[in-house]
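A.B. asks: have a look at this fold, sequence not included:
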């Protein structure tokens, strides 16, 4: 168990890093942020920050020396970043293997299938010819996505009819994956943590709504039967155990009309659909992740209320005076200077007390 | 209303400043700490800190320019500090008048009485002769306290019998106040906030236990009748309105066997007996204070569970591995390097969900 007063290093300066920092500080840890961004949300809640390129081996080595464990707020950590940290003697949690697989949609879905976890049909696309073959096989509608570095709906092309496939590979401009359209009934996520000792703790299944590929709303309890949630937890546990994972991990699933769960993607980190846990669970996902990476026992995940979490995207955040006056709204703003379209600026959690 | 992205300045680097910083950051504010202490708990959760003497006018002026409003985590802010900030154009909340009165036990009790709020009998003591006269009048037992700069049981001499008064003034070594012993049944506190618009919000009355003059345990609901709490709220509202107060203020009361409330002292700030509000109320006392000083509407103070808050004093904090493994304990550690006797190192909140 890492002693209070130790320093936890966080790769990434965004809102997830900011909320991780708060949770770690509450437990008595110091925080050191490593980010390539000036004036980042996480850096502004920490007394120690490295601003450098994620491939700057010298800065990474200095960061590794300063901290007692390294974790991350984003999965797209370059492989050489993790390796440089490990070479400099840092303990990196979660492992670079989990990060690497989560970075590539094809590897990720292949990994799910290898664990016996259903996914939509998919095919690797490295050329227009691959795409034409896959579309002929799978049919339309389907979604063409970049294998790497896509998030919040970026790097995606919808193929509504076969004709849409023409030239789509060139438009994508990077190795891709074609995923069959999945006529789901609803979208859900399961957030879980695995401790150093292998113990696993699950949060209640979250029901999610997206708009423009970005999470807009999370509701609990979800309108999903217990056995569906139980199957989801089994899938998440398989993934956690397969990686010998330490930390919080999230899997997003589609729920099909027959109750089947189809894995969409995983995030080897705290997740936007778990922001409600700050007020709504006995241990927040942020504290849970810090507990895990610090080698502490996991905390109880008991949900204390009914939940509605609303993301504030782009100029949604301009409504802050209204939200500040809404007695139902627990308001979180991330301190981002610039409310660009599609940018996550904050969120609101509403509790329905029992 | 102060816009998110504005900077809130906090005088003091202790745990109250640290928890205020977290609350402000959650609402999207930046924080700047002013403290005379290196490596302080609050500075370690902020990207901006001034370390300087509280009487360093130049540093105070620079701090005033950096921030949009100044508040404090401690009442013993030197009068010249507040004045220097005001002279440099800073908005200081709460007002220096409230701070000045709370700094002096004699002025504070005189102020309570002027508002029609009962206190123990008291007398100003500026010499041994004053003490002898007061003891002859008031009898023993009584407590001799310094007028200024006492807290957590420091600067107090118990006069159990009249003989104990001999030489006690010299032992105190500073202007004092003699307070009649008050045979109370229990100790309680009421935490309230007043907004820029004059709105007042109360938290549920807290029942407190002290050990060695230091708060050790807070429990809610208190074993006190509703009409007692209502009289307490009336008293707190009188004080808030008299000061045209903006921010959180706490009054500690003795509850007498007949249900009468006797005011012991006030704190023009967030208070240790309100730490439970982080998990236990819809708006924490820390967020409430930030809302008030930022000119935002106050948030709802609804309590969500039964509460037991336990302070971790001195080497209590060495039990952190046990507390980390206790599913009932929401653990807060303040990041203090050195667990000196009597030092508040952290606290634990236990929730009894309904």
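C.D. replies: Structure's in. What do you need? On a predicted model such as this, the values are computed, not experimentally measured, just so you know.
A.B. asks: tell me, how many residues neighbour the residue of the stretch 101-250 of chain A found nearest chain B?
C.D. replies: Closest to chain B within the stretch 101-250 of chain A is residue A:201: 10.3 Å, counting by Cβ to the nearest Cβ. Every C-beta, even on glycine, is put in place using the N, C-alpha and C of the backbone. Taking other Cβ atoms under 10 Å in any protein chain shown as the criterion, the count of residues near residue A:201 is 19.
A.B. asks: any idea what it is bridged to?
C.D. replies: residue A:193 (DSSP bridges).
A.B. asks: can you give me the pLDDT of it?
C.D. replies: Residue A:201 carries a pLDDT score of 98 in this model.
A.B. asks: same thing with residue A:75?
C.D. replies: 89.
A.B. asks: how about residue A:151?
C.D. replies: 63.
A.B. asks: quick one: low-confidence residue ranges for chain A.
C.D. replies: Scanning chain A for pLDDT under 70 picks out the ranges A:150-153.
A.B. asks: 80 - rerun?
C.D. replies: Applying pLDDT under 80 to chain A flags the ranges A:149-154, A:354.
A.B. asks: distance from stretch A:319-339 to the middle of the chain?
C.D. replies: Relative to its chain's centre, stretch A:319-339 lies at 22 Å (Cα atoms, centre = their mean, to the nearest Å).
A.B. asks: list of residues touching that stretch?
C.D. replies: With contact meaning Cβ atoms under 8 Å, 6 or more residues apart in numbering or on different chains, stretch A:319-339 is reached by A:14-15, A:18-19, A:39, A:41, A:44, A:275, A:278-279, A:312, A:314-315, A:317-318, A:343-351, B:1, B:3-5, B:25-30, B:282, B:291, B:296-297, B:299-300.
A.B. asks: among those residues, which are in strands?
C.D. replies: A:312, A:344-351, B:30 (DSSP state E).
A.B. asks: and residue A:97, what does it touch?
C.D. replies: Shown in contact with residue A:97 (Cβ under 8 Å, 6+ apart): residue A:243.
A.B. asks: can you tell me the helix or strand for it?
C.D. replies: Element membership for residue A:97 (DSSP states H and E) is helix A:96-102.
A.B. asks: which among the contacts of stretch A:319-339 count as buried?
C.D. replies: Neighbour counting by 16 or more other Cβ atoms under 10 Å in any protein chain shown classes A:14-15, A:18-19, A:41, A:44, A:275, A:278-279, A:312, A:317, A:343-351, B:4, B:25-30, B:282, B:291, B:296-297, B:299 among these as buried.
A.B. asks: thought residue A:288 was touching residue A:300, still the case?
C.D. replies: No. Using Cβ atoms under 8 Å, residue A:300 makes no contact with residue A:288, being 9.6 Å away.
A.B. asks: overlap of the contact sets of those two?
C.D. replies: Between them, residue A:300 and residue A:288 share the contacting residues residue A:201, judged by Cβ under 8 Å, 6+ apart.
A.B. asks: the longest helix in chain A is where?
C.D. replies: Ranked by residue count under DSSP state H, the longest helix found in chain A is helix A:226-242.
A.B. asks: the helix or strand hosting residue A:84 packs against which elements?
C.D. replies: Under the criterion of DSSP H and E, residue A:84 resides in helix A:79-87. Here helix A:79-87 touches helix A:57-66, helix A:96-102, going by 3 or more Cβ pairs under 8 Å, 6 or more residues apart in numbering or on different chains; DSSP states H and E.
A.B. asks: 10 Å instead, please
C.D. replies: Where contact means 3 or more Cβ pairs under 10 Å, 6 or more residues apart in numbering or on different chains; DSSP states H and E, helix A:79-87 is packed against strand A:7-11, helix A:57-66, strand A:69-72, helix A:96-102.
A.B. asks: chain B contacts on the stretch 151-300 of chain A?
C.D. replies: Counting by Cβ under 10 Å from any Cβ of the partner chain, the positions of the stretch 151-300 of chain A adjacent to chain B are A:278-279, A:282-283, A:287, A:291, A:294-300.
A.B. asks: among these, which two are most distant?
C.D. replies: Maximum pairwise distance in those, criterion Cβ to Cβ, is 26.4 Å, between A:279 and A:295.
A.B. asks: ramachandran coordinates for residue A:252?
C.D. replies: When quoted as degrees, to the nearest 10, the phi and psi of residue A:252 stand at phi -90, psi 130.
A.B. asks: and it, what does it touch?
C.D. replies: Neighbouring residues of residue A:252 by Cβ atoms under 10 Å, 6 or more residues apart in numbering or on different chains: A:187-190, A:206, A:208, A:210, A:215, A:262-267, A:271, A:273.
A.B. asks: if we use 7 Å, what do you get?
C.D. replies: By Cβ atoms under 7 Å, 6 or more residues apart in numbering or on different chains, residue A:252 lies in contact with A:187, A:189, A:264-265.
A.B. asks: please apply the same query to residue A:284.
C.D. replies: Contacts of residue A:284 by Cβ under 7 Å, 6+ apart are A:23, A:277-278.
A.B. asks: make it 8 Å
C.D. replies: Under the criterion of Cβ under 8 Å, 6+ apart, the neighbours of residue A:284 are A:19, A:23, A:277-278.
A.B. asks: over to residue A:348?
C.D. replies: Taking Cβ under 8 Å, 6+ apart as the criterion, residue A:348 is in contact with A:309-310, A:312, A:323, A:326, A:329-332.
A.B. asks: what about the residues you listed, which one has the most neighbours?
C.D. replies: Highest count within the contacts of residue A:348 by other Cβ under 10 Å belongs to residue A:309, 27 neighbours.
A.B. asks: do you know how far that residue is from chain B?
C.D. replies: Between residue A:309 and chain B the distance is 14 Å, computed by Cβ to the nearest Cβ, to the nearest Å.
A.B. asks: could you tell me whether that residue really is in a strand?
C.D. replies: Yes. Residue A:309: assigned to a strand according to DSSP: H, G, I helix; E, B strand; the rest coil.
A.B. asks: for it, list each beta-bridge partner.
C.D. replies: Here residue A:309, judged by DSSP bridges, has bridge partners residue A:218, residue A:349.
A.B. asks: so it sits right up against residue A:347, yeah?
C.D. replies: Yes. Using Cβ under 8 Å, residue A:309 makes contact with residue A:347 at a distance of 5.9 Å.
A.B. asks: now do the shared contacts for those two.
C.D. replies: Common neighbours of residue A:309 and residue A:347 (Cβ under 8 Å, 6+ apart) are residue A:275.
A.B. asks: got a list of what the nearest residue to residue A:157 once chain neighbours are set aside touches?
C.D. replies: Of all residues not flanking residue A:157 in the chain, residue A:144 sits nearest, at 4.5 Å (Cβ to Cβ, 6 or more residues apart in numbering or on different chains). By Cβ under 8 Å, 6+ apart, the residues touching residue A:144 are A:125, A:131, A:156-159, A:165, A:168-169, A:172, A:176-179.
A.B. asks: same question for residue A:311.
C.D. replies: Contacts of residue A:311 (Cβ under 8 Å, 6+ apart): A:214-217, A:272, A:344, A:346-347.
A.B. asks: what's the spacing between it and residue A:211?
C.D. replies: In this structure, residue A:311 and residue A:211 are 9 Å apart, going by Cβ to Cβ, to the nearest Å.
A.B. asks: what residues are up against residue A:282?
C.D. replies: A:299-302, A:304, B:327, B:330, B:351.
A.B. asks: between these, which is nearest residue B:148?
C.D. replies: Closest to residue B:148 out of the contacts of residue A:282 is residue B:330 (35.1 Å), distances taken as Cβ to Cβ.
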